[in-house]
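> For reference, the sequence and a predicted model appear below.
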Amino acid sequence: MYDENCIFCKIAKGEIPSTKLYEDDNCVIIKDLNPQAPVHLLLIPKDHYANICEMSDDQAKTLAACVKNLSNHVDEFGLQDGFRLVSNKGENGCQSVNHLHIHILGGEKLSDTMC
Ligand code: AMP
Ligand code: ZN
């Protein structure tokens, strides 16, 4: 599904510019505009759904394949020493864009206070 009011739908379609490091039929991986770590990427499924509570079984399978595929790009993205995956949901999770996305953080030893 495409939501015309959603910034990540527009990014996934190329209607809003982004630094796209990877793209396939199911997802894109872009650089976060406001990086919180030396490497801060966003894995964004092309299909619009807000979070895992709204995802279908098919969307779950597709997202799992996208995450698995990340393992093929670890060196290329500068994540060979490790990384963290985070997906914020809702108000308490501080989600600001209501299109599911997974933050990919790395490039240095990350804080262990919230992991
Ligand atoms: P969250 O707060 O978990 O919903 O994360 C949203 C993330 O999207 C934040 O880290 C923002 O910096 C990032 N972001 C928002 N707009 C853009 C954009 N146009 N291009 C790249 N990253 C963005
Ligand atoms: Zn969307």
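Everything's here; your move. Ligands and ions are numbered 1, 2, ... in the order given.
> Kindly state the beta-bridge partners for the residue nearest the centre of the chain.
The centre of the chain sits closest to Leu43, judged by CA atoms, centre = their mean, with a distance of 2.3 Å. Leu43 has the following beta-bridge partners by DSSP bridges: Ile29, Ile102.
> looking at it, it is touching Ile102, isn't it?
Yes. Applying CB atoms under 8 Å, one finds Leu43 in contact with Ile102, separated by 4.3 Å. Backbone N, C-alpha and C define where each C-beta goes, glycine included.
> shared neighbours, these two?
Val67 (CB atoms under 8 Å, 6 or more residues apart in numbering).
> Return the residues in contact with the residue nearest to the centre of the chain.
Cys27, Val28, Ile29, Cys66, Val67, Leu70, His101, Ile102, Ile104.
> May I ask you to confirm that the last one belongs to a strand?
Yes. Ile104: assigned to a strand according to DSSP: H, G, I helix; E, B strand; the rest coil.
> Begin at 35, not 1, for the rest of this chat.
Sure, I'll start counting at 35 from here, so that last one is Ile138.
> So for it, what's the pLDDT?
Looking at Ile138, its pLDDT reads 98.
> separation between the residue nearest to it when sequence neighbours are not counted and Ala84?
In this structure, Ile138 finds its nearest non-sequential neighbour in Leu75, 4.1 Å apart by CB to CB, 6 or more residues apart in numbering. Separation of Leu75 from Ala84 (CB to CB, to the nearest Å) stands at 20 Å.
> These two: which is more packed in?
Neighbours were counted for Leu75 and for Ala84 using other CB atoms under 10 Å; Leu75 has more, 28 against 16.
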